[in-house]
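> The following block contains a protein sequence and its predicted model.
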Protein chains: 2
Amino acid sequence: MTQSSQKINMADVARAAGVSMATASRALNNDYGVSEATRRRVLAVAEELSYVVSPEASRLAGGDTGRVAVVVPHISRWFFAALLEGLESVLRAADLDVLLYHVDGIEDRHDFFHRLPARRKVDAVVVLAFPVGEEEQRRLELMGVTVIAAGGQHAPYPNVSIDDETAGRQAMDHLLFLGHRRIAMIAAVDPDQPDEVQPSGRSNAYYAALRDAGVPIDERLVVTVDWGGAQGADAMAKLLSQPEPPTAVYAHSDEVALGAIRTLRRAGLRIPEDMSVIGIDDHPVAELSDLTTVRQPVREQGELAGRMLLSILGGEDTDHDVLVPTQLVIRGSTAPPRA
Amino acid sequence: MTQSSQKINMADVARAAGVSMATASRALNNDYGVSEATRRRVLAVAEELSYVVSPEASRLAGGDTGRVAVVVPHISRWFFAALLEGLESVLRAADLDVLLYHVDGIEDRHDFFHRLPARRKVDAVVVLAFPVGEEEQRRLELMGVTVIAAGGQHAPYPNVSIDDETAGRQAMDHLLFLGHRRIAMIAAVDPDQPDEVQPSGRSNAYYAALRDAGVPIDERLVVTVDWGGAQGADAMAKLLSQPEPPTAVYAHSDEVALGAIRTLRRAGLRIPEDMSVIGIDDHPVAELSDLTTVRQPVREQGELAGRMLLSILGGEDTDHDVLVPTQLVIRGSTAPPRA
DNA sequence: TTCGGCAACGGAAACGCTTCCGAAACCTGC
DNA sequence: GCAGGTTTCGGAAGCGTTTCCGTTGCCGAA
């Protein structure tokens, strides 16, 4: 049994290597002031004894925790998961551990900011894709650590995200360019977020695009639903029940768009002949469903946020806000309206 | 500024409450041997001073770390994310912190088991949905902590998962019941996993079901691809290029099935009239795509694993293996073959 | 009144490291 | 050969808790 290895500490290693603990510590941490020969010897002994420093003791004595808290409102939705994946990869590459905090729903969220379970446990916190309210900011401040954000909007912290309004414009302009004039919008809101802080760039884009195109706005063509495919399906039904349905639908996300498509299919309508549909995100299934969309690089945003954090932690200056570009991806769900 | 709160330690609290550190510690930890009045006083002072114990110091002196490592091969795939979500929710409810380790690809995986970055940092590790090789088991043992698994197969650890073979049988039996005889299988393997440890329950089900139904096996109807929608699409194309294509397709997962459907649509074939398609998992988009599938409760598996871990950590006995039931969900992608 | 027992509490020794500071050993150029 | 500088290294003081023992004070029983 290697059970005994549990009890080995730095003193043992130092003794076995014939050096003091001070030197052993420096060697193990690749610190300055140890000859190459000594370092190698210490490292060899450590390896031999299968020794690893106790993070607890190390942190108690030394400085930072080597951990960062990541706060996410959802895990199993692709967007959030992809963001997390990108972030985790760069943080772990930098030997930072990721503490995952899923704030599931408004109550859980309140609890998180109130109890601050990550307090004293991390060097930084990354807020993933949700807007932080003012009171919540004040709570976060109590932690006294660096905070950055990714994937969200209007964050008061250093932030990487896309420009939602631009993305929305790319989608709308595509539909307009194809000749559509009766364009509906299925706006999606996250029921888990307080209303006041909901970003609205994707909605703004709708109105701005129509205005710029000189198309009058018909509020009956705007449906707001909770985020999700099923809700998108319902919204589409609502749109189809109107006396003068749209010829195209702009959905705030691909999932919502897919829901809309299901309704259209069930109604016997063909896509894109009878109705054009466009989403945002470029969710993996968008490609499988031949859905035209606006792509945003999600994993990259996570990675970028990770690098941003690393450099802030390293004391470097960085851009406060990084905007990553989005891009129209034309597939088979959009076409000019029937003449 | 509450900056000063950073420096407060238990000694300060003890002093302010007029007790010794020993008592303060006991009060803060709800330990035995403190009068109710004293405890309340200490708690009040702590709250007042906005004090929280230093986890590092606490762990150094005391026992466990209050953390558990979760190892996942993928994050942005729905199945893994949902599993993680369930697990995280119960662990965090039990005040355990979740350390996330994404082993991305075979190299990263090797590195993880070799360096054991979670060593000495956690009380337990949860292996999420991937088979652990023998050498890897040996490495894990070095950590000297509890290990459990979820969502995977044949784990040598306490485990919660579905019975893949049963799930596969449910899918196959449905197709057979509908009258299909030429049934193809699109088998999916994870390119990130070593071949030897790939579970094959879903494949076994295919052969067993056909055998039991007295249908001769045609190996040309079996296509094995890497996991993923695009690969499913390719596989379907391969199947369609045969002189005598199948009348139904059994895909190892919904994503793969969706890929197959895209190919079928592009080929102008109707589903289910010209071809039945069935998947496994009940991915959220399966509903949106009207895909018949075999549902497995994913989040629940994560939660179950969490509870299992909790009771093991609590010293209780638990079932070593928990199998959660799967269920056929009939939607619009399957029908009897054309006469 | 005395004494055993118990609840409440305090002193102080770990826990395993990092790092300040000083000492020793080595090198350089003259 | 030596002053002065540069490395390399060791001693030891923390870091902020938990917990083992002991002590004190109080109560009821003898």
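It's in.

> distance between the ends of stretch A:194-210?
End-to-end span of stretch A:194-210 (CA to CA, to the nearest Å): 28 Å.

> Over to stretch A:65-78?
Stretch A:65-78 end-to-end distance (CA to CA) = 30 Å.

> Does that stretch reach chain B?
Yes. Contact between stretch A:65-78 and chain B, assessed by CB under 8 Å from any CB of the partner chain, occurs at A:65, A:67, A:70, A:74, A:75, A:76, A:77, A:78. C-beta here means a position set from N, CA and C on the backbone, and glycine is covered the same way.

> Show me those that map onto helices.
Taking DSSP state H, the ones among those that sit in helices are residue A:78.

> Can you lay out the residues of stretch A:65-78 next to chain B as a markdown table showing neighbour count?
Below are these laid out as a markdown table (neighbours: other CB atoms under 10 Å in any protein chain shown):
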| residue | neighbour count |
| --- | --- |
| A:65 | 23 |
| A:67 | 22 |
| A:70 | 27 |
| A:74 | 21 |
| A:75 | 26 |
| A:76 | 21 |
| A:77 | 24 |
| A:78 | 22 |
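
> between the residues of stretch A:65-78 next to chain B, which is nearest residue A:59?
Nearest to residue A:59 among the residues of stretch A:65-78 next to chain B is residue A:65, at 5.3 Å by CB to CB.

> Now do the contacts for that closest one.
Counting by CB atoms under 8 Å, 6 or more residues apart in numbering or on different chains, residue A:65 makes contact with A:59, A:121, A:122, A:123, B:56.

> pretty sure the second one is touching residue B:52, no?
Right, the one you point to is residue A:121. No. Applying CB atoms under 8 Å, one finds residue A:121 not in contact with residue B:52, separated by 9.4 Å.

> Same drill for those two, tell me which one is more crowded.
Neighbours per residue (other CB atoms under 10 Å in any protein chain shown) separate residue A:121 from residue B:52, with residue A:121 holding more: 24 against 18.

> that older thread, and the contacts of residue A:65, which two are the farthest apart?
Pairwise over the contacts of residue A:65, using CB to CB, the maximum falls at A:123 and B:56, 12.4 Å.

> quick one on the thing from earlier: quick one: the residues of stretch A:65-78 next to chain B as a markdown table, columns for pLDDT too.
Converted to a markdown table, the residues of stretch A:65-78 next to chain B look like this (pLDDT from 0 to 100):
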| residue | pLDDT |
| --- | --- |
| A:65 | 90 |
| A:67 | 95 |
| A:70 | 97 |
| A:74 | 96 |
| A:75 | 97 |
| A:76 | 96 |
| A:77 | 96 |
| A:78 | 97 |
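
> isn't residue A:221 right up against residue A:184?
Yes. Here residue A:221 reaches residue A:184: they are 4.2 Å apart, a contact under CB under 8 Å.

> intersection of neighbour lists for the two?
A:239, A:246.

> Would you mind telling me which of these two has the busier surroundings?
Comparing residue A:221 with residue A:184 by other CB under 10 Å, the one with more neighbours is residue A:184, at 28 against 21.

> The more buried one in helix, strand or coil?
Put simply, residue A:184 is strand when judged by DSSP: H, G, I helix; E, B strand; the rest coil.

> So which residues of the stretch 151-300 of chain A form helices?
Under the criterion DSSP state H, counting those that start in this stretch, the stretch 151-300 of chain A contains helices at A:164-177, A:201-213, A:229-240, A:254-266, A:284-288, A:298-313.

> Check those helices for me and report the most buried one.
Ranked by mean neighbour count, the helices of the stretch 151-300 of chain A are led by helix A:254-266 with a mean of 25 (mean count of other CB atoms under 10 Å in any protein chain shown).

> hmm, that helix in reach of chain B?
Yes. Using CB under 8 Å from any CB, helix A:254-266 reaches chain B at A:255, A:258, A:259, A:261, A:262, A:265.

> do stretch A:26-41 as well
No. On the criterion CB under 8 Å from any CB, stretch A:26-41 is out of touch with chain B, staying 13.2 Å away.

> Between the two ends of that stretch, what distance do you get?
With CA to CA, one end of stretch A:26-41 sits 12 Å from the other.

> In the stretch 101-250 of chain A, which residue sits nearest chain B?
residue A:229 (4.4 Å; CB to the nearest CB).

> Check the gap between the closest residue to that residue other than its chain neighbours and DNA strand C for me.
Nearest residue to residue A:229, sequence neighbours excluded (CB to CB, 6 or more residues apart in numbering or on different chains): residue A:259, at 3.7 Å. Computed as CB to the nearest atom of the strand, to the nearest Å, the residue A:259 to DNA strand C distance reads 53 Å.

> thought residue A:259 was touching residue A:237?
No. Applying CB under 8 Å as the test, residue A:259 and residue A:237 come out as separate, 9.9 Å apart.

> Run a quick neighbour tally on residue A:40.
With other CB under 10 Å as criterion, residue A:40 counts 13.

> Show me which residues of chain A are close to DNA strand C?
Within chain A, the positions near DNA strand C by CB under 7 Å from any atom of the strand are A:7, A:9-11, A:21-22, A:25-26, A:28-29, A:31, A:51, A:53-54, A:57-58, A:60-63.

> circling back: more neighbours: which of residue A:123 and residue B:56?
Set residue A:123 next to residue B:56 and count neighbours by other CB under 10 Å: residue B:56 wins out with 21 against 17.

> Which parts of whatever helix or strand that one lives in count as buried, going by neighbours?
Element membership of residue B:56, judged by DSSP states H and E, is helix B:55-61. Using 16 or more other CB atoms under 10 Å in any protein chain shown as the test for burial, helix B:55-61 gives B:55, B:56, B:57, B:58, B:59, B:60.

> which of the residues you listed lies closest to DNA strand C?
residue B:60 (3.8 Å; CB to the nearest atom of the strand).

> hang on, isn't residue A:309 packed against residue A:149?
No. Under the criterion of CB under 8 Å, residue A:309 makes no contact with residue A:149, lying 10.3 Å away.

> Find residues that contact each of the two.
residue A:126.

> which intervals of chain A have sub-threshold pLDDT?
A:1-6, A:154, A:195-199 (pLDDT under 70).

> give me phi/psi at the most centrally placed residue in it?
Most central in chain A under CA atoms, centre = their mean is residue A:83, positioned 3.8 Å from the mean C-alpha point. The phi and psi torsions at residue A:83 (degrees, to the nearest 10) take the values phi -60, psi -50.

> Look up how far chain B lies from it.
Noted for residue A:83: a distance of 9 Å to chain B, by CB to the nearest CB, to the nearest Å.

> For that residue, which non-adjacent residue is closest in space?
Using CB to CB, 6+ apart, the nearest residue to residue A:83 is residue A:302, at 4.3 Å.

> Spit out the contact partners of the one you found.
A:82, A:83, A:84, A:85, A:86, A:87, A:88, A:89, A:90, A:128, A:150, A:151 are the contacts of residue A:302 under CB under 8 Å, 6+ apart.

> which SSE is the fourth one in?
Which is residue A:85. With DSSP H and E as the test, residue A:85 turns up in helix A:78-93.

> Could you name the helices and strands sitting against that helix?
strand A:67-72, strand A:97-102, strand A:124-128, helix A:298-313, helix B:78-93, strand B:97-102 (3 or more CB pairs under 8 Å, 6 or more residues apart in numbering or on different chains; DSSP states H and E).

> which residues sit against the first one?
Applying CB under 8 Å, 6+ apart, the set of residues contacting strand A:67-72 from outside is A:80, A:83-84, A:87-88, A:91, A:96-103, A:112, A:118, A:121-130, A:309, B:99-100.

> quick one: strands adjacent to it?
Note on strand A:67-72: by DSSP bridges, its sheet partners are strand A:97-102 (parallel), strand A:124-128 (parallel).
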